[in-house]
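# can you look at this prediction? I've put the sequence above it.
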Amino acid sequence: MSTYKIMIVEDEFIIALAIKSSIEKMGYEVEKSVRTGEEAIQYAADFKPSLVLMDITLAGTIDGIEAAEQIQKDLHIPVLFITGNSDQMTLSRAMELHPAGILIKPVLDTELERSLEEVFGK
């Protein structure tokens, strides 16, 4: 098992579960899965995961981009975005944060694995 711990921020339970399963099959550990940007900020501050895999559209009052901005600013934890929202305005807003990457749903395991390898230098 990898020493890298990944936090998944995804408000759709089935998608979060599928991503968790894929990540664990790749040999990484999923530290936690949360549903809102607020939970993501709190959990990241408390436990400092190696990477945050962040959906852009979330339940709660802040979106994934706002949560990622706070996490990066305060904790310097890399964020890899996942989104079903591929409109140019959303992607441009996300890219301003210089994320570890952006994956468009449905996320293919090969794309996810490649992105994780790039983040962790494998």
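That came in fine, so what should we check first?
# make it CA atoms for all contacts and neighbour counts henceforth
Fine.
# which strand residues bridge the spatially most central residue of the chain?
Centroid-nearest residue in the chain, with CA atoms, centre = their mean: Leu53, separated by 1.2 Å. Here Leu53 sits in beta bridges with Ile8, Leu80, going by DSSP bridges.
# ok, it to Asp87 distance?
Distance, Leu53 to Asp87, using CA to CA, to the nearest Å: 19 Å.
# OK, contacts around the residue nearest to the centre of the chain?
6-9, 79-82 (CA atoms under 8 Å, 6 or more residues apart in numbering).
# show me which of these are buried.
Buried members of the contacts of Leu53, scored by 16 or more other CA atoms under 10 Å, are 6-9, 79-82.
# Throw those residues into TSV and include distance to Leu97 and pLDDT, thanks.
TSV is the format used below for the buried ones among the contacts of Leu53 (distance: CA to CA, whole Å; pLDDT from 0 to 100):
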residue	distance to Leu97	pLDDT
Ile6	19	98
Met7	18	98
Ile8	18	98
Val9	17	98
Val79	9	98
Leu80	11	98
Phe81	10	98
Ile82	14	96
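# ok, so of those, who is nearest Ile62?
Closest approach to Ile62 among these (CA to CA): Val9, at 12.3 Å.
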